[in-house]
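**Student:** Structure for this input, please:
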Amino acid sequence: IDVKGRDYELTLFGAGRRICPGLPLAVKTVSLMLASLLYSFDWKLPNGIVSEDLDMDETFGITLHKTNPYAIPVKKKRATYLTICNN
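**Tutor:** Purely as a prediction, here's the structure:
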């Protein structure tokens with residue numbers, strides 16, 4: 001997917017001369033936030049569910065979202081582990 005609007009597949013930030021100047025900041029912010037979530041929490045599927053069982057179909061609307069939403073329990077990593085890693 002080209003978010004910069006060159007191929008006009010996804011033009012969330014506009015295209016051409018009128019492209020949003022905040023595009024580089026938005027792309028870096030999303031990467032940073034995703035890394036922060038992955039680092040700070042333990043992510044596990046519920047008991048008895050494997051990744052192949054998840055329905056990954058998407059529905060288009062104002063936003064892109066899962067056709068059949070599902071909940072994945074997350075658990076915050078221990079504070080001692082995070083303190084050691086931050087130092």
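**Student:** Where does pLDDT dip in the chain?
**Tutor:** Scanning the chain for pLDDT under 70 picks out the ranges 1-11, 79-87.
**Student:** What is the longest helix of it by residue count?
**Tutor:** Longest helix in the chain, counting residues (DSSP state H): helix 23-40.
**Student:** and the helix or strand just after that helix, what does it pack onto?
**Tutor:** Once the chain leaves helix 23-40, the next helix or strand it forms, by DSSP states H and E, is strand 41-43. Secondary-structure packing of strand 41-43 (3 or more Cβ pairs under 8 Å, 6 or more residues apart in numbering; DSSP states H and E): strand 74-76. Where C-beta positions appear, they are placed from N, C-alpha and C, glycine not excepted.
**Student:** what's the strand it packs on packed up against?
**Tutor:** Using 3+ Cβ pairs under 8 Å, 6+ apart: strand 74-76 touches strand 41-43.
**Student:** How about Lys76: what's its closest non-neighbour residue?
**Tutor:** In this structure, Lys76 finds its nearest non-sequential neighbour in Phe41, 5.8 Å apart by Cβ to Cβ, 6 or more residues apart in numbering.
**Student:** just checking, the one you found touches Lys77?
**Tutor:** Yes - shown here, Phe41 and Lys77 form a contact pair, counting by Cβ atoms under 8 Å, at 6.5 Å.
**Student:** where's the residue located most distally from the centre of the chain relative to Glu52, distance?
**Tutor:** Within the chain, the residue lying farthest from the chain centre (Cα atoms, centre = their mean) is Arg17, at 27.9 Å. Applying Cβ to Cβ, to the nearest Å, the value for Arg17 to Glu52 is 45 Å.
**Student:** center of the protein - which residue?
**Tutor:** Note: the chain centre (Cα atoms, centre = their mean) maps to Leu34, 5.7 Å.
**Student:** now that one: how far from Thr63?
**Tutor:** Applying Cβ to Cβ, the value for Leu34 to Thr63 is 17 Å.
**Student:** Next: Lys28.
**Tutor:** 21 Å.
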